[in-house]
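1. here are the coordinates; sequence isn't available:
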């Protein structure tokens with residue numbers, strides 16, 4: 001079975017963020033750390049080379065594939081900041097409609113700038129992600 005590429009590392013979150021060229025995105029990343037740490041109660045950790053995650057859970061699929069992943073996280077990518085939260089379909093639809101300027105795909109939410117979104121809605125999304133994943137994978 002293939003090994004997961006996105007695993008928690010000992011790399012420095014601050015060092016990684018300081019490599020982000022765009023000053024606004026870099027500042028937003030530091031602000032997102034504060035928001036997510038305060039909301040989850042977990043310290044920021046690097047997951048793989050470019051994801052900043054908070055907390056973790058262990059998953060195991062029916063296929064036998066298993067691994068660990070952050071309860072919530074983000075990555076300040078060149079095109080946009082990718083937000084990683086796990087929401088039910090109902091919560092996702094409701095909260096995304098209130099979030100502000102964003103794009104979304106199946107597993108990610110993309111924002112250009114933190115100022116474009118409602119931070120209180122983001123906090124609610126992060127909290128729900130932690131709650132949902134702890135319910136889905138209660139062994140954590």
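-> Yes, it's here. Bear in mind that the values here come from a model prediction, so they are computed numbers and not experimental data.
2. per-residue pLDDT, the most centrally placed residue in the chain?
-> Within the chain, the residue whose C-alpha comes closest to the C-alpha centroid is residue 73; the distance, by Cα atoms, centre = their mean, is 1.8 Å. pLDDT, residue 73: 97.
3. what helix or strand is it located in?
-> In the assignment (DSSP states H and E), residue 73 maps to strand 72-76.
4. contacts for that strand, please.
-> Contact with strand 72-76 is made by 17, 20, 22, 25-26, 28-29, 32, 36, 39-40, 47, 50-55, 81-86, 126, 129-130, as judged by Cβ atoms under 8 Å, 6 or more residues apart in numbering. Every residue, glycine included, has its C-beta placed from N, CA and C.
5. circling back to that earlier point, distance of the residue nearest to the centre of the chain from residue 57?
-> Using Cβ to Cβ, to the nearest Å, residue 73 is found at 12 Å from residue 57.
6. now do residue 115
-> Residue 115 is 31 Å from residue 57, where distance means Cβ to Cβ.
7. likewise for residue 86?
-> For residue 86, the distance to residue 57 (Cβ to Cβ) stands at 9 Å.
8. likewise for residue 19?
-> Going from residue 19 to residue 57 by Cβ to Cβ gives 28 Å.
9. higher neighbour count, those two?
-> residue 57 (18 against 9; other Cβ atoms under 10 Å).
10. so what's residue 83 up against?
-> Contacts for residue 83 were tallied using Cβ under 8 Å, 6+ apart; they are 73-74, 108-111, 122, 125.
11. with those in mind, which one is nearest to residue 96?
-> The shortest approach to residue 96 among those belongs to residue 109, at 7.1 Å (Cβ to Cβ).
12. what is the neighbour count of that closest one?
-> Residue 109, neighbours per other Cβ under 10 Å, totals 23.
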